[in-house]
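Student: Here is my input, please return the structure:
(one chain, ligands or ions: 2)
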Amino acid sequence: MHIIADENIPLVQEFFSELGSIETLPGREMTSEQIKQADILLVRSITEVNAKLLEGTQVRFVATATIGCDHIDQEYLKSKEIGFANAPGCNANSVVEYVLSVLTLLADQEGFQLQDKTIGIIGAGNVGGLLQQRLESLGINVLVNDPPRAEREGAEGFVTLDELLAQADVISMHTPLIRTGEHPTLHLLNQTRIEALKPETILINTGRGAAIDTAALKERLQVKNDLFTVLDVWESEPNIDHELLELVDIATPHIAGYSLDGKLGGTEMVYLAVCDYFGLPVRKKLGQLMPEPPLRKLSYSSRADQWYAILTAVRACYDVRNDDMALRRAFSRAARNGQSTGEAFDLLRRNYPVRREFDTLKIQLKTSQKKIAAQLEKYGFGTKLG
Ligand SMILES: NC(=O)C1=CN([C@@H]2O[C@H](COP(=O)(O)OP(=O)(O)OC[C@H]3O[C@@H](n4cnc5c(N)ncnc54)[C@H](O)[C@@H]3O)[C@@H](O)[C@H]2O)C=CC1
Ligand SMILES: O=C(O)C(=O)[C@H](O)COP(=O)(O)O
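Tutor: Ligands and ions are numbered 1, 2, ... in the order given. Predicted structure coming up:
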């Protein structure tokens, strides 16, 4: 078989070389001509997979090594009996840790306790549901809006979107981009809702950019600038709105799910899906191909308090402000040199540094620091007492 894969899918050779010949291509530039001879197409979110790309090719199976599938015309695939798989949940923890980094660093910067805030989660699936668990384990009050789940499971435990927007101090968005149906998410935060947001609300979007009406958000920030906004996803990526970039507080180039652990998990999931679809034996396991990371150690003096320990561990693992600085620097450099900021956005993602998830950090503590260890473990860190 002939496999064509996005060049930004890690370990493709290691997982797929036994299944056939492999060619890797830049995801945003894939054409029908290039993939004509492929039997299997492995993509990421930046490749629009539709009739235009697939008509006239011999592609029999498409997999996206991502959670989101709004770039895939699944109806077309079904109509042509082309198999499909995504990687549900593969990088959910990576996104949760992105949000925890934002909240922890912001709480420290602004001098508030997370436990004093109400955090509203819009979309409680793999990502939003895991975030809810993590926040509630930390004793933080969480509201959840997820109409499809509320209809299936009953209204208890869910609030309406407008109730959430009225009550939450922090809003974290984790919905897919859905343009049609009973619960569309396109411009879910429309102009009316954005204008009604309480002053000082913290708005975080790591779902899909188009869930927020960009023009309306820009206007609110230009007129009142009384929100704290964190955007990882943007309408019209990679050519994001430069004026909005200047107005938001933390801006990152769609990398919330970019922990190495999450990306590798995506590759393994699509490998398993290919084996399943073609009835092939599973011969590769991520654990074989990716040795356990060396345990990094952090140790605290007995004087360290719980918040200091958490803050240090989060900064040691993932400080979201580094990605914010990298994006702003890349954009100002591109603008100065008359280069495309869209290319700068993609380059940052293609060359994203290794980010390991919290559980790869084993924190050495004294036996007297059991409470600190317990709190660190609720964040997802590993600990060792003694
Ligand atoms: N920024 C990044 O790097 C990443 C972004 N994502 C995005 O996050 C999205 C969510 O990921 P998962 O949680 O794994 O997906 P999921 O499909 O497990 O969960 C999505 C949840 O949203 C709910 N939902 C659907 N329509 C809604 C509406 N109108 N209002 C409120 N809730 C609604 C669904 O019922 C479901 O529970 C993905 O579709 C993807 O677009 C995912 C991974 C990484
Ligand atoms: O998994 C998803 O959904 C995401 O949003 C991924 O972070 C997208 O990553 P790329 O496919 O754009 O590399």
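Student: Listing request: residues of the stretch 201-350 of the chain with sub-threshold pLDDT.
Tutor: Along the stretch 201-350 of the chain, segments meeting pLDDT under 70 span 291, 294-296, 302.
Student: Check it for the residue nearest ligand 1 and tell me.
Tutor: Gly257 (2.8 Å; Cβ to the nearest ligand atom). Backbone N, C-alpha and C define where each C-beta goes, glycine included.
Student: Touching, that residue and Val96? I think so.
Tutor: No: using Cβ atoms under 8 Å, Gly257 and Val96 do not qualify as a contacting pair, with a distance of 9.9 Å.
Student: neighbour count winner among these two?
Tutor: Val96 (29 against 26; other Cβ atoms under 10 Å).
Student: Which secondary structure elements does the helix or strand hosting the more buried one sit against?
Tutor: Using DSSP states H and E, Val96 falls within helix 92-110. Applying 3 or more Cβ pairs under 8 Å, 6 or more residues apart in numbering; DSSP states H and E, one finds that helix 92-110 makes contact with helix 126-137, strand 202-205, helix 260-278, helix 306-317, helix 320-336.
Student: how about those in JSON lines, adding mean neighbour count?
Tutor: Converted to JSON lines, the helices and strands packed on helix 92-110 look like this (neighbours: other Cβ atoms under 10 Å):
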{"stretch": "helix 126-137", "mean neighbour count": "20"}
{"stretch": "strand 202-205", "mean neighbour count": "24"}
{"stretch": "helix 260-278", "mean neighbour count": "21"}
{"stretch": "helix 306-317", "mean neighbour count": "18"}
{"stretch": "helix 320-336", "mean neighbour count": "17"}
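Student: Looking at those, which is nearest to ligand 2?
Tutor: Per Cβ to the nearest ligand atom, nearest to ligand 2 of the helices and strands packed on helix 92-110: helix 260-278, 7.0 Å.
Student: quick one: is the closest one near ligand 1?
Tutor: No: using Cβ under 6 Å from any ligand atom, we find that helix 260-278 stays clear of ligand 1, coming within 7.4 Å at best.
Student: what's whichever helix or strand comes after that helix packed up against?
Tutor: Sequence order places helix 286-289 as the next helix or strand after helix 260-278, per DSSP H and E. With contacts taken as 3+ Cβ pairs under 8 Å, 6+ apart, helix 286-289 sits against helix 260-278.
Student: Could you check the angle the helix it packs on makes with helix 92-110?
Tutor: Put simply, helix 260-278 runs at 160 degrees to helix 92-110, going by axes from the mean of the first three to the mean of the last three Cα atoms, to 10 degrees.
Student: contact partners of helix 260-278?
Tutor: Helix 260-278 has contacts (Cβ atoms under 8 Å, 6 or more residues apart in numbering) with 1, 9-12, 15-16, 19, 40, 42, 61, 63-66, 83, 85, 87-88, 90-95, 257, 280-282, 284-286, 290, 354-357, 360.
Student: let's see 7 Å
Tutor: For helix 260-278, the surrounding residues in contact (Cβ atoms under 7 Å, 6 or more residues apart in numbering) are 9-12, 15-16, 19, 40, 42, 61, 63, 65-66, 83, 85, 87, 90-91, 93-94, 281-282, 284, 286, 290, 354-357.
Student: Where do the strands of this structure begin and end?
Tutor: 2-6, 21-25, 40-43, 61-64, 83-85, 118-122, 141-145, 170-173, 202-205, 228-231, 250-251, 296-299, 361-365, 382-385 (DSSP state E).
Student: ok, Glu182 - contacts?
Tutor: No contacts exist for Glu182 under Cβ under 7 Å, 6+ apart.
Student: Leu161 and Thr192, how far apart?
Tutor: Taking Cβ to Cβ, to the nearest Å as the measure, Leu161 falls 11 Å from Thr192.
Student: My error: substitute Gly129 in the last question.
Tutor: Counting by Cβ to Cβ, the gap from Gly129 to Thr192 is 28 Å.
Student: just to revisit the earlier point, rank the strands of the chain by pLDDT, which is bottom?
Tutor: Of all the strands of the chain, mean pLDDT reaches its minimum on strand 296-299 (a mean of 72).
Student: nearest to Ala155, of the strands of the chain?
Tutor: Across these, Ala155 has its closest neighbour in strand 141-145 (11.1 Å, Cβ to Cβ).
Student: That concludes my questions; thank you for your assistance.
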